[in-house]
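S.K.: Got a sequence here, can you model it:
(one chain, ligands or ions: 1)
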Amino acid sequence: MYEDRSESVAPAMPAPLFNPSLPQHKPLQPGVSLQHLASHHITDDDLTLPDYLVKHYWWAYLWRPAVWFFDHQPIINAIVFGQYRKLTEATVRLLHPQQAGSTLMIASAYGDVITKTAKALGDNPLTVIDIAPIQLERAQAKLEKLGLDEHATVTRMNAESLAYPDNHFDTAFMFLLLHELPVPARRKALIEALRVVRPGGSLVLAEYGGFSETHPFHRLPLLRWVFGTAEPFLPSLWHTDLDTLLSECAEVTGKRVVCEDKVWLFGGFYRIWRYRVEQA
Ligand SMILES: C[S@@+](CC[C@H](N)C(=O)[O-])C[C@H]1O[C@@H](n2cnc3c(N)ncnc32)[C@H](O)[C@@H]1O
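M.R.: Residues are numbered from 1 along each chain as shown. Here you go, the predicted model:
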């Protein structure tokens, strides 16, 4: 269930709207480290909308008329050049939904990716976190509309500081989130994702592909300018070696990652990669 009695978020006023108690969706497992849980309570700071979101993406994710507009299947499909169905289907497939176990979606997203995932997961519980209340409202409404809310929980939380103990989830995924985060936030969000996935579990990332000299969307200076203006942190992701970044982040958590599946779409412009998480 998601409850928020606040009105729409004014982009210029990134104030926390409420402070939920620490969420605990399932009993702690034997062997789970309580260290993080004990030292990490959600504070008002944790629920403040991040600066990058307010400054660069208010028009896309926080402004109610835009949220309504973008959250239509044809619109979001056009934004990803007609690749939405392929992107979501590949993401769900790489989650191995029947065996996914307790699954965390790190940041909500437009379109039907949440309901598609919830449906595929069946009885496996899905938790969706997002920092923007308006996005959580939409996620909850979509799940309820299709009667998929029984096994789904929608919670306000910052991807950079998850309020879950180590190894709490079997699977986690991010759908087009990383390219919207500045480099330090990207690193923190990945470290947190890897921290909360248990050894033997998986992390799935649906993202833009790396920069290539041959893809027309990368080659054309005008298009590069458009992408870099609309998505100011995308160029840094284009030029990041994702495997190396994941390995560095895993090391911080005392784990390691093995990339087991790489799916490329649209000539490599998008990718969906699945990493197995292991104890180092
Ligand atoms: C995951 S991306 C998805 C973008 C993509 N264009 C789509 O909707 O298909 C956008 C979401 O990330 C959320 N978000 C951004 N930074 C976040 C953070 N640090 N913690 C949690 N959610 C965050 C935004 O509120 C927004 O709902």
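S.K.: if you go through the stretch 51-200 of the chain in chain order, where are the strands?
M.R.: 103-106, 126-130, 152-156, 169-175, 197-208 (DSSP state E, counting those that start in this stretch).
S.K.: The second one: partners in the sheet, and parallel or antiparallel?
M.R.: The reference is to strand 126-130. Within its sheet, and counting by DSSP bridges, strand 126-130 is paired with strand 103-106 (parallel), strand 152-156 (parallel).
S.K.: got it, and the longest one?
M.R.: Strand pairing for strand 197-208, using DSSP bridges, gives strand 169-175 (parallel), strand 270-279 (antiparallel).
S.K.: Which residues of this protein lie near the ligand?
M.R.: The interface of the chain toward the ligand, taken as Cβ under 6 Å from any ligand atom, is made up of 50, 53, 61, 76, 107-111, 130-132, 135, 158-160, 175-177, 180. Where you see a C-beta, it was placed from the backbone N, CA and C, and this is true even at glycine.
S.K.: re the thing from before, of the strands paired with strand 126-130, flag the one that's most buried.
M.R.: A comparison of the strands paired with strand 126-130 by mean neighbour count, using mean count of other Cβ atoms under 10 Å, puts strand 103-106 on top with a mean of 27.
S.K.: who touches that strand?
M.R.: With Cβ atoms under 8 Å, 6 or more residues apart in numbering as the contact definition, strand 103-106 has outside contacts at 95, 97, 114, 117, 121, 124-129, 159, 162, 164, 168-175, 177, 189, 193, 196-197.
S.K.: next one: stretch 76-89
M.R.: Counting by Cβ under 8 Å, 6+ apart, stretch 76-89 makes contact with 70, 73, 110-113, 116, 175-176, 206, 265-266, 269-270, 272, all of which sit outside it.
S.K.: do that again at 10 Å, thanks
M.R.: Outside of stretch 76-89, the residues within contact range by Cβ atoms under 10 Å, 6 or more residues apart in numbering are 60, 69-70, 72-75, 90, 109-117, 120, 175-176, 206-208, 217, 230, 263, 265-266, 269-272.
S.K.: In helices, which of those residues fall?
M.R.: When DSSP state H defines the helices, the subset of the contacts of stretch 76-89 inside them is 69-70, 73-75, 90, 113-117, 120, 217, 230.
S.K.: returning to that earlier point: any of the contacts of stretch 76-89 buried? List them.
M.R.: Among those, those buried by neighbour count (16 or more other Cβ atoms under 10 Å) are 60, 70, 90, 109-117, 120, 175-176, 206-208, 217, 263, 265-266, 269-272.
S.K.: so Glu231 makes contact with Trp225?
M.R.: No - proximity of Glu231 to Trp225 does not meet the contact threshold set by Cβ atoms under 10 Å, at 11.4 Å.
S.K.: Appreciated, that's everything.
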